[in-house]
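Asker: here is my input, please return the structure:
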Amino acid sequence: MAETLLDYETEAAHYDRTRGGVPRAGAAAEAVLGLVPPGARTLLDLACGTGLVTERLTRPGLRVYGADAAHAMLRVADGRVPGRVVRADARRLPFPDASLDAVSAVWLLHLVSFSAEIVAEAARVLRPGGVLIATVDKDAAHDVGSDIDTILRPYRSSGAATDRAELITRHAAAHGLAPAAGTHFTGHGQGGTPRGTVRKLRAGYFASWFPGDAAAVDALATALAALPDQDRPRADPRYRLARFVRQG
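Answerer: Numbering: from 1, shown residues only. Predicted coordinates:
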C-alpha cells in the first residue's frame, strides 16, 4: 500500500519473525474465521503480506485469496497459498461487483490515510449478506496498562487514527455495510519492552499517535530507560475485530 509508515518491500524478509510469527497469525485467522458466515465460499484477505494469516484461513468449502501491493510480500505469500494471491491496491481490486462472500483486513486500516476508500471498495466486491472483517483501534490495543503505558499515555492521541471503530463504522454505513457482532484476539509476541519501546520511538514507529518533537522523544526515552526489567515483555495486546454485513 502507498502511504504506509514502513517499506514492506524490505520488511518481507523478516516480517513474520518480528510480528509474533505463527502464534499471532493463528490467533488472527481463528478469530476471522469465527466471523465468516457458515455458507461463505470465497474470502479475500486484503494486505495479506507474507500470507502467514492467509494460509490459516482454511475450512471446508471456503476458497481464500490474498491481495497485497508489495512484490516482496507476495513472493513469500505465493509459496503459502500458490496461485491465489494477486498484486493489487486495496482501493482498486481486480474483482467484479458483488463477487465475494467475505473480505478481511487484518492490521491494515491503521496504516493508511484512505481507510474510507478501502471500506468502499470492500463494499463494492461483497455480495449482499457478505461480510467485511477488519481490525480497528489497533494502536489503542497496545495500551495494556503496563508501566510502559503509564509513561506513554499522556502523549498518546487517537484523534488521527484512521482505524477508529466509530470512524470505520461511519465509512461502512455510507456504503451499505451494517455493524454486526465482532470479537477480539491476542497479539501473541507483541508485548512491549522498555528497551524495545525506546528503539521504536526513536525510529518513528509511533508516528500514527505520537506527534512529539525531539525533546519529547528524549524525555520519554529517559523515563523508559529508568524502568526495571528492560528486556521483559509486558502483556500482549488484545486486538479488536469489527464485522460489517453488506445489506441487500
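
Asker: look up phi and psi at the residue nearest the centre of the chain.
Answerer: Nearest to the geometric centre of the chain sits residue 107, at 0.4 Å (Cα atoms, centre = their mean). Backbone torsions of residue 107, given as degrees, to the nearest 10, read phi 60, psi 50.

Asker: the closest residue in space to it that isn't next to it in sequence: how many residues sit nearby?
Answerer: With Cβ to Cβ, 6 or more residues apart in numbering as the criterion, residue 107 has its nearest non-adjacent residue at 5.6 Å, and that residue is residue 135. All C-beta spots, glycine's among them, are computed from the backbone N, C-alpha and C. For residue 135, the count of nearby residues is 26 (other Cβ atoms under 10 Å).

Asker: give me the contact list for the host helix or strand of residue 135.
Answerer: Using DSSP states H and E, residue 135 maps to strand 126-136. For strand 126-136, contacts defined as Cβ atoms under 8 Å, 6 or more residues apart in numbering pick out 32, 35-37, 40, 98-110, 119, 122-123, 163-165, 168, 172, 177, 180, 182, 239-248.

Asker: bridged to the residue nearest to residue 102 when sequence neighbours are not counted, which residues?
Answerer: Computed as Cβ to Cβ, 6+ apart, the closest residue to residue 102 that is not its neighbour in sequence is residue 43, at 4.2 Å. Residue 43 forms beta bridges with residue 64, residue 102, as assigned by DSSP bridges.

Asker: residue 43 and residue 106, how far apart?
Answerer: For residue 43, the distance to residue 106 (Cβ to Cβ, to the nearest Å) stands at 12 Å.

Asker: hang on, the earlier thing: which among the contacts of strand 126-136 end up buried?
Answerer: Buried by 16 or more other Cβ atoms under 10 Å: 32, 35-36, 40, 100-110, 119, 122-123, 163-165, 168, 172, 177, 182, 239-246, out of these.

Asker: keep only those of these that are in strands.
Answerer: 100-105, 177, 182, 239-246 (DSSP state E).

Asker: so which of those residues is the closest to residue 152?
Answerer: Closest approach to residue 152 among those (Cβ to Cβ): residue 239, at 18.1 Å.

Asker: residues contacting that closest one?
Answerer: Residue 239 neighbours (Cβ under 8 Å, 6+ apart): 28, 107, 135, 138, 141, 184-187.

Asker: quick one: those residues as CSV, columns for distance to residue 71 too.
Answerer: Shown next, in CSV, are those (distance: Cβ to Cβ, whole Å):
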residue, distance to residue 71
28, 23
107, 19
135, 24
138, 25
141, 29
184, 33
185, 29
186, 31
187, 27
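
Asker: what's the closest of those residues to residue 82?
Answerer: Distance to residue 82 across the contacts of residue 239 (Cβ to Cβ) is lowest for residue 28, with 21.0 Å.

Asker: who's in contact with the one helix or strand the closest one maps to?
Answerer: Using DSSP H and E, residue 28 sits in helix 21-33. Residues from elsewhere that reach helix 21-33, judged by Cβ under 8 Å, 6+ apart: 16, 52-53, 56-57, 59, 104, 106-107, 133, 183-190, 239, 241.

Asker: go on, stretch 51-68?
Answerer: Here stretch 51-68 has contacts from 8, 16, 21-22, 25-26, 28-30, 32-33, 36, 40-49, 74, 76-81, 84-88, 90, 93, 104, 106, using Cβ under 8 Å, 6+ apart.

Asker: which of the residues you listed are buried? Put it as a ChimeraX command.
Answerer: Selection of buried members from those for ChimeraX, criterion 16+ other Cβ under 10 Å:
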select :8,16,25,26,28,29,32,33,36,40,42,43,44,45,46,47,48,49,74,76,77,78,80,81,84,85,86,88,90,93,104,106
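
Asker: correct me, but the residue nearest to residue 102 touches residue 104?
Answerer: Yes. The pair residue 43 / residue 104 is scored as a contact, 6.4 Å apart, by Cβ atoms under 8 Å.
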